[in-house]
Structures are given as structure tokens and as C-alpha cells.
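S.K.: this one's sequence-less:
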DNA sequence: TTTAGTGTATTATACGAATAATACACTTGA
DNA sequence: TCAAGTGTATTATTCGTATAATACACTAAA
């Protein structure tokens, strides 16, 4: 029952997916913190950690004492936030290392294509 | 006196740089574990951790009870190992996330260029 | 064969991240 | 106004990683 990613990240992703695939729509309530905690057999605080991220991303909105609700344009917001963070955080780190090792984006793309499309010389 | 990276990684990088810049040459002794530990004011085990990585990468070679020595083609090996790991580990993770967020390598390159070469519209 | 150098194994400590236990506080409707 | 729902704050536990303390073991040369 262990996992690659922390539980709160999985909860975050789970909700994002629900929103992006249209299972949860603008204005609807999100599952309550406690409900989700019971279903996933985890602590409410762990759910809260995910919900805090989701709220920060503008995907859900809180109404004190009532619950969380799916925000306006939640899907776009979720995507926009994640894209922004990717560009601001992941990309520079990756690029720096890439250059230090003498690769270019073009090199990497070639390698990537080569892997996904093995050609004739790859025989057993 | 804190730092971004763990000490053992910094030691690893330090030695790699020495080797790649030709300050340490094939067959020469590497600084002894204890000597380095004293100079850096750290524990011998922390140096060992770096040296274990270096040995695994084929940059240095151990002679029991005697010390570590710069390996044959150490510079190339160091680079080759790091490039290989980058391709095998960093690249797939990065690529997967990139695609999930709807970016291509070409997109990223554009963004990167845009950042490093700001044009006229960027005024104060 | 002893000594001074070397690396190495074992065990302990420090610290941060993830998660949980538990108690608290807000909102709404009967 | 109180009960049953909601989120939230505080504190504790667990666990892995980095690092250190310390004792052990190999090698070479005097």
C-alpha cells in the first residue's frame, strides 16, 4: 500500500482529473474533507493539504463552515497554474542540467523519438 | 553554512570538476578520504559516500588499504555516466510532465530563448 | 612486526517531510 | 438554541535521509 507520491499529491491529482474530465462542474460541492478522508482511509488533515493546494490553484473555493466548491473555470485554472509552475520551476532546473551535460532540446527530442519508434535495426 | 545540495553531492561535483578540468590526471592519487574530511571539516563517511559514487561512475578506482586513484579516461567516464543517467532518469520524468501539460520541446526552447534574450518591449 | 597511513563497517544523532490523533470553531436548519 | 454537518489548529508520530562518532581492518614500509 505504499506509493511513489505522497498521499496529498494523489488526492490533488485525483480532484484535478475529475474537474478536467468534467465529472465535477462549476458551483458543485467538492467532496467534504471528512468524507474523502473516510473513503480514502486517511486523516482529514491530509485531505486538507491537498485542498489547500487546490484552493491556491483556484480550482476549488472555500465557504467557511460549509465546505469546498468547484470554482469558476476550474479546469482552465488548474491547468494554467500547473503550466506556470512547470515553466517557473521544473524547466530552469532541467535546462541547466541539460546544458551542463552538453545536450540541446533538439538532441533530447531525437532521443525521445528514437525510443518511442524503434526502427528495423532493433531486432532480437 | 547551509546549502542547496547535500555535502556528499558537492564533494562529488568538486572532484568531477577537478578531473574534467585536468587538475587531476589518470593514475594520480585522489585526495585521501581522511584528508578531504579534514579540509572540508566533515566526517570521513560523508567523503566516502561521494567517493562511492565516483567509483561507481568509474572516475576513481580503489586500492585496498592504499587509497583512491584517478581512473583511466576518468573525465570521459564521468561525463558519460552523468549523461546516461540524465537520459535514463531525468528525461523521461520531465518529458512525461511536459506532455501532460501540453508542451513540446519546441515550445520550451522558444520560452527559454525568450527569457535569455529579452527584446525591445521589455523596458523599465 | 610494528606503525602510520589508508579505507570501511557499525551505530547514533539531527532534522525535515508526511501523516495522524485529537480537540476546536464556524454555519446552517430544525 | 442546539445538533449535525462543515473546515481548522495544535500537537504527536513515523520514517527516510544526511551526517557524524567511533571502532575496526587492510597495506606498505621501516
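M.R.: Sure thing, it's come through. Since this is a predicted model, take the numbers as computed values, not measurements. Numbers count the residues shown, from 1 in each chain, chains lettered A, B, ... in the order given.
S.K.: Within the helices and strands, which one has residue A:4?
M.R.: Remark: residue A:4 resides in no helix or strand, with elements defined by DSSP states H and E.
S.K.: what's it in contact with, if anything?
M.R.: Not one residue lies near residue A:4 by C-beta atoms under 8 Å, 6 or more residues apart in numbering or on different chains. Just so you know, the C-beta spots here come from the backbone N, C-alpha and C atoms, and that holds for glycine as well.
S.K.: First-to-last residue distance for stretch A:50-66?
M.R.: Length of stretch A:50-66, first residue to last, C-alpha to C-alpha, to the nearest Å: 18 Å.
S.K.: what about residue A:34, distance to DNA strand C?
M.R.: Taking C-beta to the nearest atom of the strand, to the nearest Å as the measure, residue A:34 falls 9 Å from DNA strand C.
S.K.: tell me the SS of that residue?
M.R.: Following DSSP: H, G, I helix; E, B strand; the rest coil, residue A:34 is assigned to helix.
S.K.: Contact partners for it?
M.R.: A:44, A:47.
S.K.: what's the spacing between it and residue A:44?
M.R.: Between residue A:34 and residue A:44 the distance is 6 Å, computed by C-beta to C-beta, to the nearest Å.
S.K.: With residue A:19 instead?
M.R.: From residue A:19 to residue A:44 the distance is 21 Å (C-beta to C-beta).
S.K.: Between the two, which is the more surrounded one?
M.R.: residue A:19 (25 against 15; other C-beta atoms under 10 Å in any protein chain shown).
S.K.: Phi first, then psi, for that one.
M.R.: The phi and psi values for residue A:19, taken as degrees, to the nearest 10, are phi -70, psi -50.
S.K.: May I have the residues that are in contact with it?
M.R.: So residue A:19 contacts A:59, A:70, A:74-75, A:78 (C-beta under 8 Å, 6+ apart).
S.K.: Which residue in the residues you listed has the weakest pLDDT?
M.R.: Of all the contacts of residue A:19, residue A:78 carries the smallest pLDDT score, 85.
S.K.: Quick one, grab the pLDDT at the closest residue to residue A:32 other than its chain neighbours.
M.R.: Counting by C-beta to C-beta, 6 or more residues apart in numbering or on different chains, residue A:67 is the residue found nearest to residue A:32 once chain neighbours are left out, at 5.5 Å. Per-residue pLDDT puts residue A:67 at 97.
S.K.: Touching, residue A:67 and residue A:36? I think so.
M.R.: No. Counting by C-beta atoms under 8 Å, residue A:67 does not reach residue A:36; the two are 11.1 Å apart.
S.K.: Look at the two and report which has more neighbours.
M.R.: residue A:36 (21 against 16).
S.K.: and the residue nearest to that one when sequence neighbours are not counted, how many neighbours does it have?
M.R.: Of all residues not flanking residue A:36 in the chain, residue A:47 sits nearest, at 4.8 Å (C-beta to C-beta, 6+ apart). The number of residues packed near residue A:47 is 26, by other C-beta under 10 Å.
S.K.: What helix or strand is residue A:47 located in?
M.R.: Assigned by DSSP H and E, residue A:47 falls in helix A:44-56.
S.K.: Appreciated, that's everything.
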